[in-house]
Each structure stands twice: as structure tokens, then as C-alpha cells.
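>>> sequence unavailable; structure follows:
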């Protein structure tokens, strides 16, 4: 029978209706996208075409070449600018001067590589770039929230095949982020514990939704998964600030991410997905009220979400904000656990 | 320059970044989907195949045939069932027995018709069916919210080409709906006015985002449109309950909806879209507190949203809940106003 499940981190309902689909195999290569589309030599992210991108912000070198490059997005959603918040209290037309930043993180010189194809060492370079840019953008007092994400495949919003992530610095705390923070804070106030730490405990006690773990990180399919094969990856120890990760922790995160992406590719093929970081707002904003920051420090736990995009957003999602997931996360986790990863 | 705009009805931010795209022509037939795909004779929604659907709930006849049919969804996201709410206060795993209903409203016996192709008289039959099912499902005390919607085109979540809408009755008020109600209520408490009534006034004063109007209904592109060519259609006079529409008002709504869909088809071709009703929660729930109902009556104004699906949801949308819209709604409204509708 379909079940209505509530996600405690986002305060959202999801309908898990496995009767509407589908065994794991039904999702396989639902969109094999442009897996084999070679570069025509004009990809601006390919080695040799570095002059086609805006000037580099960061380069992680590798044997005379580069492993990862970061530069501003040529078509930024937001960019640094001076101007005023024109929102007036009670106004029907709130607008802000959209000051921010929008950068591209190229994950490999190899045009066709997926995250699942990269070595752990290469993924560690990507994670290093993530953290470096996250830290740098957090320091600008105009930035309130840093959204780091990766779109893979056209259906997930990627306009270029070459593997890359993006980071957008925003001048506001988005309401969706505020809701997650409020939920974490309310849980902490009520119980004295971090919500994600307790979720993690419960998940490992139950076991059915766990996909894997290593010394530092855990991977599981959330109870109220919005999408088939949705995963959460997060540090097993409480951690509110990803920039504090040690080198060892970064490598463990890379192992965990690599393993998760390999399992997905093994079970589903080269599917479109979004990888998103759920981080805390920047220090600069929260430090205006040290008491808030202290609680955030204890109540907030950063995570990555992997959102395979095998289903389409439709009327119920837009009207009511309720996703219909045709695959139970317990079933997805089982299929991913069983995948034979080389 | 990109602009961050706030939607007052949903409390959400949108980045309007027309620099990233695109003139209206860039969107034309971005997805001409399955426009010309004929029925292979096996479509369960076609005339002659009525025996392939679950038993009819409603039929609107037309010259010995039918104009509109309604029946339960064969693969329901929710269905009537007895069972308990298993959510416990403070529990990490809130779940409910997902009692509800899920019905299909076939809008025409013609397999290939789009809303833009139907006559106003035929669309009036569809609206009559909407209202009839909305009213009937609202009476069941287990239903808290009725979501009526139409998915057109694969990318908008339609699994069948034959024109149809759907209605899902939910046992909860979805958080996204609660947010809209709270915003309307807060605005009413502050100003003594309906938020949508005032928005409508402001839109007609400004003019730039208005697409059209008739005696009863107005159509405009919302200030913080999430999607290129997003539209709102709503009654010009305050109205909290769509079931109270007179026959004349239903016809005026049909004219308005027909005109909007023809303009979209004229400018963009047969694009995928979602049509969603933004309605108030059911009486049965709100009547538990007559004082609340009285305010809802004054503060809530029902609307339809038309959401063309020409862009893809990506990392910023999932992580921060912020849409990037590559087309200013003023530009979309101008293109739609200028469309020569026959």
C-alpha cells in the first residue's frame, strides 16, 4: 500500500508508492544520456582549451597538467555587484540586488569521465577544491549561503557533458535552508541531540536503508526519499563545518562518494543526477548573534545528497510539494548494497 | 543583471537571469514531445476502450458519446483505506496510513487534442468535472487537501499522451500549501486585504506582466516566475471557493484558460507543462475552528498556475529551493500578449 512518509529534516511529506512501479531493473539506463558523446575538440572544459574559460581562480596541478580547475561561470546566475536591497516591508515586489558569485569546478581533464570513473585520489582533489572555494566564498560578508552542487546529465540540468560542479554564493539564506536549520535547532532544543547524529544511529540500528560506511562516513537511503535511489552521505561524527575536515577525513569522504557513485552506476547505468551539499550558512552572517552560532554549531550536521533523476516532477510536486517515489528506499538500498563494486 | 525576486505568496526567492538565455524564440518547440503520436488503438482513454479503465465515477455526455469521463487511477498514489496515523511526536520516522483518492479526468475522446485545441464548450465540460470531483472529494472527512492538476508531455510527468487531468485527495495539508495559507493570512491580518486581490490590482496598474483578461478572469506572468512563460489565472473578484462558481463564471474561466493555452501553443509550440490548482483546504478540516475558517474565507483566493517545463530542475533548485529563470516574466508576457490567437 502507498505510504505517506515525513522527512524530519525538511518537514516534507513524500508518497512512497512502490505499487506504481517497478523493480530496480526497471530503472536501469532509463536515461543513458550522452554517455558516449565524445568531445568535438571544442569543449571549453577540456585540457588544451583553457584559454576559452574565464581566468582561473584555482588550479590543482597533476604531473605538469592539472587535476582540477576552478573559474567563474561565463553565464553567471549571480555575480558581485554593488547595489541596494530594494525590498520594502510589506511590499508585494521584493527584489534584491543579486550580489553573489557563481563558479565552475572542472573535476577532470577527461571529457567523458563520470564521478564513478574517477580514482579516489582524483575525487580527493575535487573535494579539496570544494572546500577551498567554500571557505573563500564564505569569507565575503555579502554572502549568506554557499550552495555547492553538481548536475550530471541533461535531465539533471547539465548543459555540458564534461564533468564539473558549480558553486553559487547567495546574499540570502534560502527559505528551504532556513527550514532545515529550524528543524535541526528545534530537535536540539527538545532533545539535546543533533538530529542527523540520532538519525544515523537509528539507521544503523535498523539497517534496511544503509548502503555502506567507512571509518569516517556513512551512506544511506533516507526514510522519506523523494527520488528512487536517493542517498545521503555524511560524517559519522558530529560536524557542522565541512572546512574543518582533516586530510584523512577528506580521503575517507572521497572513498565514500566514489563507492556510492560506483554502486549507482553499477545498478542503474549512467543516470542523470544532482549532487548537493547541505551546509550551514556562512559564519559572517550567523556571527551577528553568537548565541545562535553556538547552537548551530551543536545542532547542525552537514550532509551531501545524491538525487538520481529517474522520475519527472509533476503536478502533485508543484502544487503540494509532495513527491511521489515509486521505489521504497529499503529496496533501493538493498540493490545498491548488493552491487558488486570493483 | 540577474535579479533576486521574492514571491510573496510562497515566500520563495527566484533568480531572474535573462542574460543566461534567450529570446522568446529560443524556447520554441524546445520539446515538441509526442505531438503527432497517434493512438495505436490501445489507449485506455480513447472512445471505444472504456472497458479498459476502472468503473466510471462521472461521465459528461455529448451527443450520444461522452465529452469527459472520470474514473479512479488504475495505479493510485493514494487510495481509501482504514488505518492509523502512526506518527508519534518527536519520532524520526513519521508515517501515515496514506488514505486518500486518486482519479483521472479524461478531457476529450480525441487522443491528440491539447487544451489549446479544445473548444471553449469542451473546456467548460472539463471545468465542470473539476468542480464536481473537487466538491465530492472535499466532503470526505478523511481528506484535508484536494490537489487538482494536469501533466502535459513526458517531461512534465505525463505517462499517456491522451489529454487528461488528475485529482489527488490528501489526508494532510501539505507544508507548501500551509505556507501559502500562512502568507495570505499574515497579509490579511496586516492590511485587511486579500493578498491576491491586491497583487491583481498592482499587476493591472503596472501592466507589463498582464497577458489578458475577460469579465471574470485575469491572466498574468507572476513577478517572481520560476519558469519561462509561467502564468497565473484567477478570478478578478475575491473568491475563496471554486465550487461556488456560477455557470457564467465557469464559461469565463474556460475562455480565459483556452486563450492562455492557445497563446502558449502559438508562441512556443506544443510544450510540456503542468497546470495546477491552488485551492483552500477542505471545509471539513477547517470547520473544526470556525474563526479560522472565517479568516480563510477572506484571506484566501484560489488560482490556477500554468508551469511550462522548458528548463530543468538542477542543483540550486534542490539544495536551496531557488529557481533560476532565464526569461524575465515581463518579456514572456509581452510575447504572449502579442501572439495572434485565432
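That came in fine, so what should we check first? Only a predicted model underlies this, so the values are computations on that prediction, with no experimental measurement involved.
>>> could you find the closest non-adjacent residue to residue A:118?
residue A:108 (6.0 Å; CB to CB, 6 or more residues apart in numbering or on different chains). C-betas here are computed from N, CA, C, even on glycine.
>>> which phi and psi does residue A:308 have?
In terms of degrees, to the nearest 10, the main-chain angles of residue A:308 are phi -60, psi 140.
>>> that one touches residue A:227, doesn't it?
Yes. Residue A:308 is within contact range of residue A:227, at 5.8 Å (criterion: CB atoms under 8 Å).
>>> now do stretch A:151-170: distance from first to last residue.
Taking CA to CA, to the nearest Å, the first and last residues of stretch A:151-170 lie 18 Å apart.
>>> what about it, distance to the chain center?
How far stretch A:151-170 lies from its chain's middle: 11 Å, per CA atoms, centre = their mean, to the nearest Å.
>>> show me which positions of it end up buried.
A:151-158, A:161-170 (16 or more other CB atoms under 10 Å in any protein chain shown).
>>> quick one: low-confidence parts of chain A?
Scanning chain A for pLDDT under 70 picks out the ranges A:20-37, A:83-90, A:284-294.
>>> work out which residue lies at the spatial centre of chain A.
Geometric centre of chain A, nearest residue: residue A:276, 1.2 Å, by CA atoms, centre = their mean.
>>> so which strand or helix has that residue?
strand A:273-278 (DSSP states H and E).
>>> can you give me the helices for the stretch 101-250 of chain A?
A:120-138, A:175-191, A:195-206, A:247-268 (DSSP state H, counting those that start in this stretch).
>>> what's near enough to touch the residue nearest to residue A:314 when sequence neighbours are not counted?
Closest residue to residue A:314 apart from its sequence neighbours, by CB to CB, 6+ apart: residue B:157 at 2.7 Å. Counting by CB atoms under 8 Å, 6 or more residues apart in numbering or on different chains, residue B:157 touches A:311, A:312, A:313, A:314, A:315, A:317, B:151, B:274.
>>> near chain B, which residues of the stretch 151-300 of chain A are found?
Contacts of the stretch 151-300 of chain A with chain B, taken as CB under 8 Å from any CB of the partner chain, map to A:151, A:154-158, A:166, A:168, A:170-172, A:174-177, A:190-191, A:195, A:198-199, A:202, A:223, A:274-278.
>>> go again with 7 Å.
Proximity of the stretch 151-300 of chain A to chain B, by CB under 7 Å from any CB of the partner chain, involves residues A:151, A:155-157, A:166, A:168, A:170-172, A:174-177, A:190, A:198-199, A:202, A:223, A:274, A:276-278.
>>> that older thread, export the helices of the stretch 101-250 of chain A as JSON lines, with columns for mean neighbour count.
Below are these laid out as JSON lines (neighbours: other CB atoms under 10 Å in any protein chain shown):
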{"stretch": "helix A:120-138", "mean neighbour count": "20"}
{"stretch": "helix A:175-191", "mean neighbour count": "17"}
{"stretch": "helix A:195-206", "mean neighbour count": "18"}
{"stretch": "helix A:247-268", "mean neighbour count": "20"}
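>>> and the ones you listed: which comes nearest residue B:246?
Ranking the helices of the stretch 101-250 of chain A by proximity to residue B:246 (CB to CB) places helix A:175-191 first, at 37.7 Å.
>>> show me what that closest one is packed against.
Applying 3 or more CB pairs under 7 Å, 6 or more residues apart in numbering or on different chains; DSSP states H and E, one finds that helix A:175-191 contacts helix A:195-206, helix A:290-299.
>>> which residues of chain A fall in strands?
Counting by DSSP state E, chain A has strands at residues A:3-7, A:12-16, A:58-62, A:65-72, A:94-97, A:101-106, A:145-152, A:164-170, A:210-213, A:217-220, A:231-235, A:273-278, A:303-308, A:323-325.
>>> including distance to residue B:260, could those strands go into CSV?
Compiled in CSV, the strands of chain A are given as follows (distance: least, CB to CB, whole Å):
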stretch, distance to residue B:260
strand A:3-7, 33
strand A:12-16, 29
strand A:58-62, 47
strand A:65-72, 39
strand A:94-97, 26
strand A:101-106, 33
strand A:145-152, 31
strand A:164-170, 33
strand A:210-213, 46
strand A:217-220, 44
strand A:231-235, 40
strand A:273-278, 31
strand A:303-308, 32
strand A:323-325, 27
